[in-house]
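Novice: Quick check, what structure comes out for this input:
(one chain, ligands or ions: 2)
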Amino acid sequence: MIEIQNLSVKYDSQIALENINLKLEHPSLLVIMGPNGAGKTTLLKSILGLVEYEGKIKIFGKEPEESRNIIGYMPQRDRVNTNIPLKVKDVVLMPLLSRYYFGIRLEDVKNAKRALERVGMLHYWDKNFSSLSGGEQQRVFLARVLAQSSKILILDEPFSATDVATKMKMAGILHKLKREKTIIIVTHDVNPLVECTDKLLLLRKRVIAFGDVMDVLNEENMEKLYGVKVPIVRRENVCYVLGGDVHVHH
Ligand SMILES: Nc1ncnc2c1ncn2[C@@H]1O[C@H](COP(=O)(O)OP(=O)(O)OP(=O)(O)O)[C@@H](O)[C@H]1O
Ligand SMILES: [Mg+2]
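Specialist: Ligands and ions are numbered 1, 2, ... in the order given. The predicted structure follows:
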């Protein structure tokens, strides 16, 4: 379970997050949406203990700094140097390696292969990572997180460079995983995830709305969030954002 109380983050004098409160059950899937610069990545980094913050964050009762070994993190793609002179297998195995002083275990190799297979990239096992396309690299990064078998997954825009089929496939993987894990995903396109999202957080420095998708995803909240009208289509017990990828610049 993740509990956040009165969380605020400042960079120098600039406020990035102000008085965030939320509570997330385990297992569950949380989607975070908001405009560029809204503090989404900053919120993830706070949960990971990678930025200084004011307030309280508890992850199964522990501090973020004490919880790193139970969290798998996929950083935002444009912040990561993807010119890595490694093979695909090494990229996936690397986080597993650092856990043991006596090198790679057969089980780690199995986990890495299974994860790559899940994202449809196992045939690239021996390929140079830097030769892959952007979307393929993205899939390998997802496999890297999956292979760690963490209790909590934190994914910052995991779909950003991927095609529609890959997005749907990734959403399907996450749908299965959320039965046993807590998954937090930042995305500008909530549509592939609508059916498996337990809680939706609309963030713009502060919490604009937080709750069940059907309660939170409405035109009034979207206008508060992005400052423009974004049409929502409602159908029985699902709703979708028309135009899909909401990515409004300020
Ligand atoms: N290391 C940093 N030093 C100073 N300011 C920062 C730093 N990281 C983020 N900021 C600022 O904090 C604000 C929130 O940034 P953050 O990266 O959390 O936004 P975001 O919601 O993830 O945006 P995007 O959708 O573009 O990824 C921005 O105004 C940004 O300029
Ligand atoms: Mg970000």
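
Novice: near ligand 2, which residues of this structure?
Specialist: Selection of the chain residues close to ligand 2 by C-beta under 5 Å from the ion yields Lys40, Thr41, Gln76. Using the backbone N, CA and C atoms, a C-beta is placed for each residue, glycine as well.

Novice: So which of the residues you listed wins on neighbours?
Specialist: Highest neighbour count within these, by other C-beta atoms under 10 Å: Lys40, with 24 neighbours.

Novice: I'd say it and Ile32 touch.
Specialist: Yes. Under the criterion of C-beta atoms under 8 Å, Lys40 makes contact with Ile32 at 5.2 Å.

Novice: would CSV of the residues of the chain next to ligand 2 with pLDDT and distance to ligand 1 be doable?
Specialist: As requested, the residues of the chain next to ligand 2 are exported to CSV (pLDDT from 0 to 100; distance: C-beta to the nearest ligand atom, whole Å):
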residue, pLDDT, distance to ligand 1
Lys40, 98, 3
Thr41, 97, 3
Gln76, 92, 6
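
Novice: Out of these, list just those in helices.
Specialist: Lys40, Thr41 (DSSP state H).

Novice: For the residue nearest the centre of the chain, give its distance to Arg235.
Specialist: By C-alpha atoms, centre = their mean, the chain has its centre lying nearest to Leu155, at 1.9 Å. To Arg235, Leu155 is 27 Å away according to C-beta to C-beta, to the nearest Å.

Novice: Repeat that for Lys127.
Specialist: 42 Å.

Novice: quick one, what contacts the residue lying closest to Arg114 once chain neighbours are set aside?
Specialist: Distance criterion C-beta to C-beta, 6 or more residues apart in numbering; nearest residue to Arg114, sequence neighbours excluded, is Ala147 at 7.5 Å. Listed by C-beta atoms under 8 Å, 6 or more residues apart in numbering, the contact partners of Ala147 are Val92, Leu93, Pro95, Leu96, Asp108, Asn111, Ala112, Arg114, Ala115, Leu116.

Novice: go again using 7 Å as the cut-off
Specialist: If a contact means C-beta atoms under 7 Å, 6 or more residues apart in numbering, then Ala147 has Val92, Leu96, Asn111, Ala112, Ala115 as its contacts.

Novice: Tell me which two of these sit farthest apart.
Specialist: Leu96 and Ala115 (10.1 Å; C-beta to C-beta).
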